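In: model the structure of this input:
(one chain, ligands or ions: 1)
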Amino acid sequence: MPQHRICRRRCPHEDCRSNREGLRTKLVLHSRLMTQRGERRRLRCKHCDRTFVSTRGTVYYRLRRPRAVVDRVSRASVDGVAPAVISRVEGVSLGTISRWKARAARHAWRFTQEHLLIDRPVELQFDELKGHGATEESDTWVYNCLEVSTRVWTSWRVARRTLRSTTVLAREARDRLRCITEPVLCTSDEMKYYPVSLKRAFEKFCVHVQVDNRYSSGRLVRTNWKLTWGPRWRLDAARSRSEDSKKPNTAYVERLHLTMRRGCSYLHRRTNGRMRKRRCLGENLALQQCHYNFVRPHASLKLDKQTRTPAMQAGIFNRPLTLREIFSWVPKPDPWLDRLPVDETRRQDPFRARPSNS
Ligand SMILES: [Zn+2]
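Out: All right, here's what the predicted structure looks like:
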């Protein structure tokens, strides 16, 4: 079911009946108050009779600067402008930029978790990208998964190359698919963990092909591929549905990697802005993923005169969103999710599973 709507009104109290029992939100205007930035409205929830300011739960809650500055800083940040440059241009200190970014990234991550669901997936491509970390973080990789027919960047993960992180990525990609009616074609490079991980996450709902790209002086000269999971007839059925790929390839996810490199200095080649904390790279990616899927029109998704976003192609929204709309969305209050680091999910670690009483 397409959503086409963003929830902008919700009671921010976790124990409120409207959140616990999923009732319809009933908010009324309680009062108006004047601040340095102009008028702010205070709302009252008719279920629990508590009041709160209308920006509660959004990225703009309790900010001293105008919203437009936060939007511009976030926008520059996903376009790969260095924080030092943003700081000089906007006149905002580096500490403030980093705090805003952390908050915006968490919000974007929650937004993606709630809204990104693909109805009829056709082809998934998996690949890893080397992050340029300093000293102890030097062995850091960014895993990515892209759904080719909609160009939706379904999931990412910052980790070392292990079986566990590959499985977590595959499960996260599986979570972003709503219903799989026909087997999905999954392609990846030759890393040894993919066949096991994809088999665990998708079972009979996918067919997996490993692609071996041969390069000569920087150009792709030959592509070999081999079937590693699923019967041959399933592969033929999956390939016949794919309009974008004539032969199994990982070209689309590699193109995504270029976009990511341009938007994040930690992933640039020969960068001098090396990553020192994985958390910072995770925050960058959460914001970038949200911007890529919901905000940025994708050049290859052009229909008549309109250039669509991946989320429009997947039928989730019927127009490109703006960062303002995403930042003004109010997530369901969930202290447990709010404490989790941005690059983790519930599935990440069985020992860190959600406590049963909440
Ligand atoms: Zn309430």
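
In: check which element follows the helix ranked longest in the chain along the chain.
Out: Counting by DSSP state H, the longest helix found in the chain is helix 94-115. Using DSSP states H and E, the helix or strand that follows helix 94-115 in sequence is strand 123-131.

In: so what's the gap between that following strand and the chain middle?
Out: In terms of C-alpha atoms, centre = their mean, to the nearest Å, the centre of strand 123-131 is set 14 Å apart from its chain centre.

In: just checking, Met275 touches Thr140?
Out: Yes - using C-beta atoms under 8 Å, Met275 is in contact with Thr140, at 6.8 Å. The C-beta positions use only the backbone N, C-alpha and C, and glycine is treated the same way.

In: okay, and the common contacts of those two?
Out: Counting by C-beta atoms under 8 Å, 6 or more residues apart in numbering, the common neighbours of Met275 and Thr140 are Gly131, Gly133, Leu281.

In: pLDDT weak spots in the stretch 101-250 of the chain?
Out: 134-137 (pLDDT under 70).

In: quick check: residues of it near the ion?
Out: Within the stretch 101-250 of the chain, no position lies close to the ion (C-beta under 5 Å from the ion).

In: tell me who's in contact with the residue of the stretch 151-300 of the chain at minimum distance from the ion.
Out: Residue of the stretch 151-300 of the chain nearest the ion, by C-beta to the ion: Cys290 (27.0 Å). Applying C-beta under 8 Å, 6+ apart to Cys290 gives the contacts Ala108, Trp109, Phe111, Thr112, Ile326.

In: ok, Asp127 next?
Out: Tyr143, Asn144, Ser188, Asp189, Thr250, Val253, Glu254, His257.

In: of those residues, which belong to helices?
Out: Filtering these for helices - DSSP H - leaves Val253, Glu254, His257.

In: next up, the contacts around the last one.
Out: Right, His257. Asp127, Leu129, Asn144, Leu267.

In: swap the cut-off to 7 Å and go again
Out: Neighbouring residues of His257 by C-beta atoms under 7 Å, 6 or more residues apart in numbering: Asp127, Leu129.

In: test for you: state the pLDDT assigned to it.
Out: At His257, the model reports a pLDDT of 92.

In: also Asn272?
Out: 64.

In: what's the answer for Met1, then?
Out: Reported pLDDT for Met1: 49.

In: just the one 3 residues further on next, same as before
Out: According to the per-residue confidence, His4 scores 66 in pLDDT.

In: quick revisit: what packs against the longest helix of the chain?
Out: Under the contact definition 3 or more C-beta pairs under 7 Å, 6 or more residues apart in numbering; DSSP states H and E, helix 94-115 sits against helix 67-78, helix 83-90, helix 278-290, helix 323-328.

In: can you list those in JSON lines and add mean pLDDT?
Out: Output for the helices and strands packed on helix 94-115, formatted as JSON lines (pLDDT from 0 to 100):
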{"stretch": "helix 67-78", "mean pLDDT": "94"}
{"stretch": "helix 83-90", "mean pLDDT": "92"}
{"stretch": "helix 278-290", "mean pLDDT": "90"}
{"stretch": "helix 323-328", "mean pLDDT": "94"}
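
In: just say helix, strand or coil for Asp338.
Out: Reduced to three states with DSSP: H, G, I helix; E, B strand; the rest coil, the structure at Asp338 is helix.

In: which residue is the nearest non-sequential neighbour of it?
Out: Among residues not flanking Asp338 along the chain, Arg106 sits closest, at 7.3 Å (C-beta to C-beta, 6 or more residues apart in numbering).

In: helix/strand/coil for the residue of the stretch 51-200 of the chain found nearest the ion?
Out: Nearest to the ion in the stretch 51-200 of the chain, going by C-beta to the ion, is Phe52, at a distance of 8.7 Å. For Phe52, the assignment made with three-state DSSP gives strand.

In: would you confirm that it contacts Pro12?
Out: Yes - under the criterion of C-beta atoms under 7 Å, Phe52 is in contact with Pro12, at a separation of 5.6 Å.

In: domains of this protein?
Out: Domain assignment for the chain, taken from automatic domain parsing, gives 17-115+293-346, 123-276.

In: winner for burial among those domains?
Out: Counting by mean count of other C-beta atoms under 10 Å, domain 123-276 has the highest mean neighbour count of the domains of the chain, with a mean of 18.

In: can you report phi and psi for Glu190?
Out: Main-chain torsions, Glu190, degrees, to the nearest 10: phi -90, psi 10.

In: quick one, what contacts it?
Out: Counting by C-beta under 7 Å, 6+ apart, Glu190 touches Gln210, Asp212.

In: for the residue in the stretch 251-358 of the chain that the ion sits nearest to, what is the enclosing helix or strand?
Out: Scanning the stretch 251-358 of the chain for the residue nearest the ion gives Pro333, at 9.7 Å (criterion: C-beta to the ion). Taking DSSP H and E as the definition, Pro333 sits outside all helices and strands.
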